[in-house]
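Asker: no sequence on this one, just coordinates:
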């Protein structure tokens, strides 16, 4: 291609490429809208607030797990690849070194919330609400927390009693007289 023909093509590319980049740029200095907030406000609280509609069963979750989770977290939630956590673990936490897996969570909604935000790696936020409920049911079943016929949804998931729920202690520095400055703790 001659230089004479290259410059007009380059000019067109720069003009249209710049317009596209400007159209996609952040709206710095612009007020945030409710729609902007809604897109990022995806937490699932312990009482079920923030959980979307949808549902899933243990059986459905087994299929989703085998397709989207087992490669990293291991078949049936055990023997994960190096660097990944198992999904099945102990339900008794009587020693500090006990492995902290799903049964360690205080609330079942934490499982849903973590998966919705960060799984599957490396393409998070691609699971549907139904897939997330099904995975929650399946993983809770693997940990013997719910039965084989359980259906998880926005009403049933927050009602699941996790095995470690009552073992969390609220740290109150006034009660234990903890002062990191006077005790020589790193600042």
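Answerer: Sure, I can see it. Everything numeric in this text was worked out from a predicted model, so none of it was measured.
Asker: Let me see the residues that make contact with stretch 113-126.
Answerer: 42, 43, 44, 50, 68, 69, 72, 127, 132, 135, 136 (Cβ atoms under 8 Å, 6 or more residues apart in numbering). For glycine as for every other residue, the C-beta is placed from the backbone atoms N, C-alpha and C.
Asker: Helix or strand: which one has residue 152?
Answerer: Assigned by DSSP states H and E, residue 152 belongs to strand 151-153.
Asker: Low-confidence regions, the chain specifically.
Answerer: Along the chain, segments meeting pLDDT under 70 span 1-25, 170-187.
Asker: For residue 30, see how far away the spatially most central residue of the chain is.
Answerer: Centroid check for the chain by Cα atoms, centre = their mean gives residue 114 as the closest residue, at 2.1 Å. Going from residue 114 to residue 30 by Cβ to Cβ, to the nearest Å gives 31 Å.
Asker: and what of residue 55?
Answerer: 38 Å.
Asker: between those two, which one's more packed in?
Answerer: Legend: neighbour count by other Cβ atoms under 10 Å for residue 55 and residue 30, higher for residue 55 (17 against 8).
Asker: quick one: the helices in this protein?
Answerer: 3-23, 34-40, 58-68, 70-73, 108-118, 129-142, 173-176 (DSSP state H).
Asker: hang on, the earlier thing: tell me the helices and strands packed up against the strand holding residue 152.
Answerer: Helices and strands touching strand 151-153, by 3 or more Cβ pairs under 8 Å, 6 or more residues apart in numbering; DSSP states H and E, are strand 55-57, helix 129-142.
Asker: which one is residue 81 nearest to, not counting chain neighbours?
Answerer: residue 72 (5.4 Å; Cβ to Cβ, 6 or more residues apart in numbering).
Asker: One more: residue 70?
Answerer: In space, residue 70 is closest to residue 76, 7.9 Å off (Cβ to Cβ, 6+ apart).
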